[in-house]
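Novice: I would like the atomic coordinates for the input below:
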Amino acid sequence: MTPIRFTPMARRLTGALTLAVAAALPLAALAAEAVQSLKLQVNGMVCSFCAQGIEKRLQALPDAGPIFIDLRNKVVAVEPRAGRSLDAARVASEVREAGYEVVATETVAKTVAQIRTETRAARQER
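Specialist: Numbers count the residues shown, from 1 in each chain. Prediction:
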């Protein structure tokens, strides 16, 4: 096999590209970690109709992104849209106006997908 030979210009470009990719990777990881989702404990949710009502109200909020509702554990998780943040009081108010009791609200450094995965894993362990 004949070895590949790079010109000096190609070596510089390859090196610059490697540095650019390496520099971007930590930023992408930090961006994923920087997500601050809201996790609410909600009483009164008993069926999928309850979940749909809450989800519909939360989707109408301009800053709300992905939503996860777990009826069994009485959890509602909301992730903000990219570049935005959620007002915890406003989210809790929407859930209350839908007819449910918000017992606790916490901000967690997780995406809704991570919360969903953790909830399903915990369910399988039981």
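Novice: show residues contacting stretch 108-122.
Specialist: Outside of stretch 108-122, the residues within contact range by CB atoms under 8 Å, 6 or more residues apart in numbering are 32-39, 65-68, 70, 73, 75, 77-79. Every C-beta, even on glycine, is put in place using the N, C-alpha and C of the backbone.
Novice: can we see that at 6 Å?
Specialist: Residues outside stretch 108-122 that contact it (CB atoms under 6 Å, 6 or more residues apart in numbering): 35, 37, 39, 66, 68, 70, 77, 79.
Novice: my guess is the fifth one contacts A77. True?
Specialist: So that's F68. Yes - assessed by CB atoms under 6 Å, F68 is found in contact with A77 at 4.4 Å.
Novice: point to the residue nearest the middle of this structure.
Specialist: With distances taken as CA atoms, centre = their mean, the residue of the chain nearest its centroid is T111 (2.3 Å).
Novice: in which helix or strand would I find Q52?
Specialist: helix 48-59 (DSSP states H and E).
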